[in-house]
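# The following block contains a protein sequence and its predicted model.
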Amino acid sequence: MAHSRQQNLIDLRTFSKQERFPAYAAIYCPELQIVENIFCLSPNVMQWSETIWLLDLRNSENFWLLQQQKLQIGLFELLQNILEAALGKEVLVVFSQHPWPGLFFLDYLCQQPNSRGGYSLDSAMSQNLYEDISWSHWFAPLSVLGEKLESLKVKGFSASRFRSQQAQLQRFIERMELWGPYDLSLAKVGNLAGEIERRYSSWLARVWHWTFEPFLKQSKTQSLHYFPWIAFQLTEVPRVKRLLEYPVSQWDVLEPLLIEDFQRLCQLSCWSEQERVNRIYWTITLFNCEEIVVQLSFRNPYNLHKEHPDFKTALYQAYYSYTDVMQQLQQRDSDLDLPMSMPFLSWTLEVRERLFIVPAVLELFPESFDTQLNNDILELQNKLPALIEAYEIRPDFTSEQLFKTQALGKKQDSPYEFSLGQWQVNLQRPLFYYKQPQILPADKVHEITFLERTANNWWENEALDNLVKDYFILKESDGVAWWIYKNSRGEWFKHGIYS
């Protein structure tokens, strides 16, 4: 199977139909003039090598999707324009659902003449190129991977043994005359990753798993699966410290002091009002001299400067952290002779994760980064302690599958949008469903009105109890209306409540 392959690279901005938001970006930037600019898309950055950077985009997804919606342009066109404005026209980026495929593909692209721009591994064209990449590009990032694992002092990892195992695998590949990893993936072996682990090492098996696993699932990769992510930190971090004149434990006393400290943070010269915050570390020294660290986390990049002078969003997150700390301390120290509310002696606030909206981007998209940036959805997400979810109607007569989750702020693009919405109203289905239907005693069933009969997908479930459901409205004497059903066995259940 030994052969040589030559591919002409295609700028995948022309193939923008599959616009699933990428989880990671691998970037080749030969000349980074301003190091802060590497945070232009995400506050979570890792330096892989002198010229290669990794960006974790997951915490910025809603932010950029809403900017895309405002600007009415393609997702990857938006992301690439921002990267070029911040890092220069020579930047080369691969968007993927896991860092390793991005690094693998990026090494291949860097060896091709005149390659620059953005490439998405969700594109069919990119995946075709990906399958034709040789082993040399797969092994190239392994040396850096070994260095990262060694620097982290990963238990049981030996850099010299790792290099020896790589050499053994390379000799096997040469004997088999395999062009690239995709050729090996076609081998008829039940558990190829298991065989690699048995013959070579668990780490090479993990790398093999990273190489193809993101393409086997429709959902995003939720975990790095042992990938050695090392966060890149700027040398100067916005930080303020407060030494209290007397111990403090009540929130109404803490709140004005925190407002003062947020104001002091905004006045520091080491960062600007164009920057957005994803995480503030609140390091608290307690009355017993114990030090605890809590995080004020924002689901979307948050502009602390623009909330002057009340800083409501930051205060909401600080209050949630305060109540959690107090509850944990009370539970932990309930058998000790300590104050019910442990007082604070001092604290430090540090802005450790920031998104840089560089001036060139502000000039590129002025209508998107002005006051309109404070989108209601973004603000609400940052203020609430729980995650907001959005749903859209899907064409399914089964009640449990009538909805599916979608990105916040995204317009429903289903061709059934209007007909199904009207159909939902005509069926008189409720807005609030139970995740698990509740048993309803038969003697509680009275004054019911029949609505509809539904049939589940019998081929997907062995249990036939709920194959057919008859739905009714049950009205209580106090005016409460329940959405109930009777299953194939004649058993009654509550499935929802009408608002």
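Here it is on my side, so go on.
# so how many other residues sit close to the closest residue to Glu275 other than its chain neighbours?
Spatial nearest neighbour of Glu275, excluding adjacent residues (Cβ to Cβ, 6 or more residues apart in numbering): Arg354 at 4.9 Å. The C-beta positions use only the backbone N, C-alpha and C, and glycine is treated the same way. Arg354 has 22 neighbours, counted by other Cβ atoms under 10 Å.
# Make sure Arg354 is indeed in a strand.
Yes. Counting by DSSP: H, G, I helix; E, B strand; the rest coil, Arg354 is found in a strand.
# could you list every residue that touches it?
39, 43, 271, 275-278 (Cβ atoms under 8 Å, 6 or more residues apart in numbering).
# Which member of those residues is positioned nearest Gln436?
Lowest distance from Gln436 to the contacts of Arg354 (Cβ to Cβ) belongs to Asn278, with 34.4 Å.
# strand partners of the host helix or strand of Trp53, parallel vs antiparallel please.
Per DSSP states H and E: Trp53 is located in strand 52-56. Strand pairing for strand 52-56, determined by DSSP bridges: strand 24-28 (antiparallel), strand 44-47 (antiparallel).
# With distance to Ala314, mean pLDDT and mean neighbour count added, can I get the ones you listed in TSV?
Converted to TSV, those look like this (distance: least, Cβ to Cβ, whole Å; pLDDT from 0 to 100; neighbours: other Cβ atoms under 10 Å):
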stretch	distance to Ala314	mean pLDDT	mean neighbour count
strand 24-28	28	96	25
strand 44-47	20	95	19
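# who wins for proximity to Ile82 among those strands?
Ile82 lies closest to strand 24-28 among these, at 10.8 Å (Cβ to Cβ).
# Tally up the residues packed near the closest residue to Pro43 other than its chain neighbours, please.
Using Cβ to Cβ, 6+ apart and skipping residues adjacent in sequence, the residue nearest Pro43 is Glu353, 3.8 Å away. The local packing of Glu353 (other Cβ under 10 Å) involves 23 other residues.
# how much space between Glu353 and Pro441?
Glu353 sits 52 Å away from Pro441, going by Cβ to Cβ, to the nearest Å.
# again with Ser249
Distance, Ser249 to Pro441, by Cβ to Cβ: 49 Å.
# Tell me which of those two has more neighbours.
Using other Cβ under 10 Å as the criterion, Ser249 and Pro441 rank with Ser249 on top: 16 against 8.
# separation between the residue most central in space within the chain and Pro301?
With distances taken as Cα atoms, centre = their mean, the residue of the chain nearest its centroid is Arg58 (3.0 Å). The gap separating Arg58 from Pro301 is 12 Å, by Cβ to Cβ.
# so what pLDDT did the residue lying closest to Phe356 once chain neighbours are set aside get?
Spatial nearest neighbour of Phe356, chain neighbours left out: Phe39 (4.4 Å); criterion: Cβ to Cβ, 6+ apart. We have a pLDDT of 94 for Phe39.
# how many neighbours does Phe212 have?
Neighbour count of Phe212, defined by other Cβ under 10 Å: 18.
# so what's it up against?
By Cβ under 8 Å, 6+ apart, the contact list for Phe212 reads 181, 185.
# which SSE is it in?
Per DSSP H and E: Phe212 is located in helix 202-216.
# That helix to strand 24-28, inter-axis angle?
Here the directions of helix 202-216 and strand 24-28 differ by 110 degrees (axes from the mean of the first three to the mean of the last three Cα atoms, to 10 degrees).
# Using CSV, write out every CA atom in helix 202-216.
Provided in CSV are the C-alpha atoms of helix 202-216 (Å, rounded to 0.1, in the frame of the first residue of the first chain):
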residue,chain,number,x,y,z
SER,A,202,-2.0,3.1,26.9
TRP,A,203,-0.9,6.6,25.8
LEU,A,204,-0.4,5.7,22.1
ALA,A,205,-3.9,4.0,22.4
ARG,A,206,-5.3,7.2,23.7
VAL,A,207,-3.8,9.2,20.9
TRP,A,208,-5.2,6.7,18.4
HIS,A,209,-8.6,7.2,20.0
TRP,A,210,-8.3,11.0,19.8
THR,A,211,-7.4,10.7,16.1
PHE,A,212,-10.8,9.3,15.0
GLU,A,213,-13.2,9.4,17.9
PRO,A,214,-14.5,12.9,17.3
PHE,A,215,-15.7,11.8,13.8
LEU,A,216,-17.6,8.8,15.1
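# Enumerate the positions of it that are buried.
Buried residues in helix 202-216, counting neighbours by 16 or more other Cβ atoms under 10 Å, are found at 203-215.
# Hmm, which of those is lowest in pLDDT?
Least confident by pLDDT among the buried residues of helix 202-216: that is Phe215, with 64.
# Point out where the stretch 151-300 of the chain drops to low pLDDT.
Confidence mapping of the stretch 151-300 of the chain against pLDDT under 70 gives the ranges 188-190, 214-223.
# tell me the strands in the stretch 201-350 of the chain, going along the chain?
Ranges of strands in the stretch 201-350 of the chain, per DSSP state E, counting those that start in this stretch, are 239-248, 275-286, 291-302, 344-356.
# can you redo those strands as a markdown table with distance to Tyr322?
A markdown table is the format used below for the strands of the stretch 201-350 of the chain (distance: least, Cβ to Cβ, whole Å):
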| stretch | distance to Tyr322 |
| --- | --- |
| strand 239-248 | 11 |
| strand 275-286 | 9 |
| strand 291-302 | 8 |
| strand 344-356 | 9 |
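# can you tell me which of those strands comes nearest to Ser160?
strand 344-356 (34.7 Å).
# for the closest one, what is the average pLDDT?
93.
# Between strand 275-286 and it, find me the angle.
Counting by the same axes, to 10 degrees, strand 344-356 lies at 160 degrees to strand 275-286.
# Could you identify the helix or strand that succeeds strand 344-356?
Remark: after strand 344-356, the chain's next helix or strand is helix 359-364, criterion DSSP H and E.
# buried sites along that next one?
360-361, 364.
# Same question for stretch 478-488.
Those would be 481-487, for stretch 478-488 by 16+ other Cβ under 10 Å.
# just stretch 47-58 next, same as before
For stretch 47-58, burial by neighbour count (16+ other Cβ under 10 Å) applies to 48, 52-58.
# quick one, what contacts Leu79?
Neighbouring residues of Leu79 by Cβ under 8 Å, 6+ apart: 22, 25, 41, 64, 93, 95, 118.
# Give the bridge partners for the second one, please.
So the one you mean is Ala25. Leu55, Phe95.
# got the contact list for it?
Counting by Cβ under 8 Å, 6+ apart, the residues that Ala25 touches are 41-42, 54-55, 57, 79, 83, 93-96, 102.
# likewise the fourth one?
Under the criterion of Cβ under 8 Å, 6+ apart, the contact partners of Trp64 comprise 21, 41, 57, 75, 78-79.
# Now do it against Leu362, distance only.
Distance, Trp64 to Leu362, by Cβ to Cβ: 15 Å.
# for the third one, same thing?
Taking Cβ to Cβ as the measure, Leu41 and Leu362 are separated by 15 Å.
# Check the second one too.
As for Ala25, its distance to Leu362 is 21 Å (criterion: Cβ to Cβ).
# For stretch 365-378, give the distance from the opening residue to the closing one.
18 Å (Cα to Cα, to the nearest Å).
# And the helices in this structure, which stretches?
Ranges of helices in the chain, per DSSP state H, are 61-71, 75-87, 99-110, 124-131, 135-151, 159-176, 181-185, 192-199, 202-216, 251-267, 312-332, 359-364, 376-383, 417-426.
# Outside of the fifth one itself, which residues are in contact with it?
The one in question is helix 135-151. In contact with helix 135-151 (Cβ under 8 Å, 6+ apart) are residues 48-49, 100, 103-105, 107-108, 111, 157, 159, 162-163, 166, 170, 173, 178-181, 203, 207, 211, 228, 230.
# Okay, buried residues for that helix please.
Buried residues in helix 135-151, counted by 16+ other Cβ under 10 Å: 135, 137-142, 145-146, 149.
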